[in-house]
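Undergrad: A structural model of the following input is requested.
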Amino acid sequence: MNDGISKRGGERAVVMVGAVSGLALFGDAMLYVVLPIYWKEAGLDSLWQVGLVLSINRFVRLPLNPLIGWLYNRLPLRAGLYAAVLLAALTTAGYGIWKGFAAWLVLRALWGIAWSLLRIGGYLTVIRYSDRTNRGRLMGRYNGVWRLGSLVGVLFGGILVPAAGLQPVAILFGVLALAGLPLVALYIGRGSADDANPPPKAAGDRTTIRIWTRPVKKIVACGLLMATLHAIFGSALSYLIASKFSQGELILGIVISSTVLAGMLEAIRCLWEPFLGSWFGRLSDGPAGRTPLLLLSAAAAALGFALVPLELPPLAWLLIVLYVKATGTMMTTIVDAMAADVAKSSAVAIMTAYSVATDLGAAVGPVVIYWALGREFGLLPAFLACSGLFLLIGWSYRTEYRMERRGEEWAER
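TA: Predicted coordinates:
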């Protein structure tokens with residue numbers, strides 16, 4: 001742990017960076033709820049523009065993540081987070097100032113840069129202020145806290161925009177994002193982003209060879225596949241709910257529409273994330289290591305994906321959806337922590353590559369599932385294939401599992 005910070009102080013820094021990210025997310029989360037309805041207030045001309053505006057930030061991150069990593073190699077961690085907060089505040093307030101398709105494309109692209117700075121900066125913060133005994137718990141806590149920002153943006157955006165309009169609410173959320181600046185100043189120590197994990201001193205190509213070890217390549221590939229599978233589930237869920245609950249469904253004596261139901265399910269996940277993610281992370285910090293929990297989460301996700309497309313009673317099906325979301329929390333926490341474990345040779349380079357992989361998976365997942373839905377084989381075979389891929393993730397770590405049982409450190413090999 002760096003900067004002479006105690007474990008308690010390090011945990012506070014991680015939580016505060018999660019809070020900074022959550023504050024910056026208010027405006028982004030709000031748009032996914034309100035823009036499909038209030039797109040004319042933004043100066044957009046058609047719904048296809050809404051889709052492009054909401055997705056362009058993800059595609060921008062793919063080529064720009066390596067640039068963000070390059071910047072973190074040369075800038076203090078605190079400077080990168082300052083820039084992220086300022087960009088997030090500017091873009092969020094910009095939703096209330098500028099109108100038109102071109103202006104919103106620029107704003108959303110800038111938001112993509114801001115989120116890359118925040119996400120990679122968050123990973124680096126966890127690595128800086130953690131060690132092998134608490135990294136999983138802190139990674140779970142960080143992921144959970146920033147997800148609460150999404151919940152706040154969705155709930156309050158959905159309430160305030162109909163009452164006050166898109167422009168004033170966007171400006172308000174932009175101003176609130178600036179609250180992240182004093183949090184960064186107070187809780188993030190000075191020094192470069194890679195201070196806690198200096199790269200190998202060997203020169204030339206040897207440095208690259210030592211950084212890109214087999215465990216590093218493996219966890220990056222695992223992150224890509226995991227993100228793709230979770231994006232498939234997330235993007236197909238609205239389709240599944242609409243088909244199963246299209247006319248509203250009587251659940252526990254209450255008629256609930258599909259849109260309300262989708263929001264409730266996502267809200268439940270956001271609420272449990274800080275606690276469940278931290279708990280799973282704490283388990284992975286124990287003497288058994290992370291690999292057994294990775295195998296367990298992969299097997300649990302495989303079971304859930306196999307059950308989701310089946311015709312089941314509404315309440316049973318909803319419980320399965322929540323179960324799958326819980327396995328997503330577990331697996332994301334553990335894989336993120338495993339990536340941080342193997343990043344000790346060069347935190348910036350490795351976590352940047354990991355971020356590129358997970359962003360690519362998030363972008364590819366919706367394309368894959370909606371391509372499958374348009375084919376004759378449909379939903380059930382597609383989800384069974386996803387179930388098999390989760391099992392493949394677990395199977396691929398069987399060697400590491402055996403090594404951990406013998407007390408060997410596989411991340412060093």
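
Undergrad: Identify the residues contacting the most centrally placed residue in the chain.
TA: In the chain, the C-alpha nearest the mean C-alpha coordinate belongs to N143, at 7.2 Å (CA atoms, centre = their mean). N143 makes contact with G18, E273, G277, T332, T333, D336, according to CB atoms under 8 Å, 6 or more residues apart in numbering. No exception for glycine: its C-beta is placed from N, CA and C like everyone else's.

Undergrad: now, which of those lie within helices?
TA: Among the contacts of N143, the ones falling in helices (DSSP state H) are G18, T332, T333, D336.

Undergrad: So the residue lying closest to the second one once chain neighbours are set aside versus L276, what's the distance?
TA: So the one you mean is T332. Once flanking residues are discounted, T332 sits nearest to N143: 6.6 Å by CB to CB, 6 or more residues apart in numbering. Separation of N143 from L276 (CB to CB, to the nearest Å) stands at 10 Å.

Undergrad: Between the ones in helices among the contacts of N143, identify the one with the most neighbours.
TA: When neighbours are counted by other CB atoms under 10 Å, T333 leads these with 31 neighbours.

Undergrad: That residue contacts R282, correct?
TA: No: taking contacts as CB atoms under 8 Å, T333 lies outside contact range of R282: 9.8 Å.

Undergrad: what do those two both touch?
TA: G136, G140.

Undergrad: What separation is there between the residue nearest to T332 and G149?
TA: Applying CB to CB, one obtains 11 Å for the distance of N143 from G149.

Undergrad: Repeat that for K218.
TA: Between K218 and G149 the distance, using CB to CB, works out to 31 Å.

Undergrad: out of those two, which sits in the busier spot?
TA: A count of neighbours by other CB under 10 Å puts G149 above the other of K218 and G149, at 24 against 16.

Undergrad: Next one: the more buried one relative to L44, how far apart?
TA: To L44, G149 is 25 Å away according to CB to CB.

Undergrad: Could you verify my assumption that Q167 touches G96?
TA: Yes: the pair Q167 and G96 qualifies as a contact (CB under 8 Å) at a distance of 3.8 Å.

Undergrad: mind listing the strands in this structure by residue range?
TA: Counting by DSSP state E, one finds strands in the chain at the ranges 249-251, 254-256.

Undergrad: Quick check: which ranges of the stretch 51-200 of the chain have low pLDDT?
TA: Within the stretch 51-200 of the chain, the ranges that satisfy pLDDT under 70 run 191-200.

Undergrad: so where do the helices sit in it?
TA: Ranges of helices in the stretch 51-200 of the chain, per DSSP state H, counting those that start in this stretch, are 77-94, 101-128, 135-164, 166-177, 180-187.

Undergrad: between those helices, which one is nearest to F383?
TA: For F383, the closest of the helices of the stretch 51-200 of the chain is helix 135-164, at 24.3 Å, according to CB to CB.

Undergrad: What residues of the closest one count as buried?
TA: For helix 135-164, a neighbour-count test (16 or more other CB atoms under 10 Å) marks 135-157, 160-161 as buried.

Undergrad: and the angle for it with helix 77-94?
TA: Angle between the axes of helix 135-164 and helix 77-94 is 20 degrees (criterion: axes from the mean of the first three to the mean of the last three CA atoms, to 10 degrees).

Undergrad: Can you tell me what sits against stretch 285-295?
TA: Residues external to stretch 285-295 that are found in contact with it (CB under 8 Å, 6+ apart): 132-137, 280, 283-284, 330-331, 334-335, 337-338, 341, 393-394, 397-398, 400-401, 404, 410.

Undergrad: Flag every buried residue along it.
TA: Buried residues in stretch 285-295 (16+ other CB under 10 Å): D285, G289, R290, T291, P292, L293, L294, L295.

Undergrad: What of stretch 15-27?
TA: Applying 16+ other CB under 10 Å to stretch 15-27 flags 15-27 as buried.

Undergrad: Take those and lay them out in CSV including pLDDT.
TA: Listed next are the buried residues of stretch 15-27 as CSV, based on pLDDT from 0 to 100:
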residue, pLDDT
V15, 93
M16, 94
V17, 95
G18, 95
A19, 96
V20, 96
S21, 96
G22, 95
L23, 96
A24, 96
L25, 95
F26, 94
G27, 93
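
Undergrad: could you redo the residues you listed as JSON lines and give each row distance to L52?
TA: Formatted as JSON lines, those follow (distance: CB to CB, whole Å):
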{"residue": "V15", "distance to L52": "35"}
{"residue": "M16", "distance to L52": "34"}
{"residue": "V17", "distance to L52": "30"}
{"residue": "G18", "distance to L52": "30"}
{"residue": "A19", "distance to L52": "31"}
{"residue": "V20", "distance to L52": "28"}
{"residue": "S21", "distance to L52": "25"}
{"residue": "G22", "distance to L52": "26"}
{"residue": "L23", "distance to L52": "26"}
{"residue": "A24", "distance to L52": "22"}
{"residue": "L25", "distance to L52": "20"}
{"residue": "F26", "distance to L52": "22"}
{"residue": "G27", "distance to L52": "18"}
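
Undergrad: OK, contacts around Y95?
TA: Neighbours of Y95 in contact, by CB under 8 Å, 6+ apart: G27, L31, A42, W104, L107, L166, Q167, A170, G174.

Undergrad: Could you do S297 as well?
TA: Contacts for S297 (CB under 8 Å, 6+ apart) come out as T327, M330, M331, I334.

Undergrad: 6 Å instead, please
TA: T327, M330, M331 (CB atoms under 6 Å, 6 or more residues apart in numbering).

Undergrad: same deal with A372?
TA: So A372 contacts A382 (CB under 6 Å, 6+ apart).

Undergrad: do that again at 10 Å, thanks
TA: Residues in contact with A372 (CB atoms under 10 Å, 6 or more residues apart in numbering) are I232, A236, G378, L379, P381, A382, F383, A385, C386.

Undergrad: Same question for L322.
TA: L265, I268, R269, W272, G304.

Undergrad: Please indicate which of the residues you listed are buried?
TA: With neighbours counted by 16+ other CB under 10 Å, these contain buried members at R269, W272, G304.

Undergrad: residue contacts, the residue lying closest to the second one once chain neighbours are set aside?
TA: Meaning W272. Closest residue to W272 apart from its sequence neighbours, by CB to CB, 6+ apart: T329 at 7.1 Å. Counting by CB under 10 Å, 6+ apart, T329 touches 140, 143-144, 147, 269, 272-273, 275-277, 279-281, 297.
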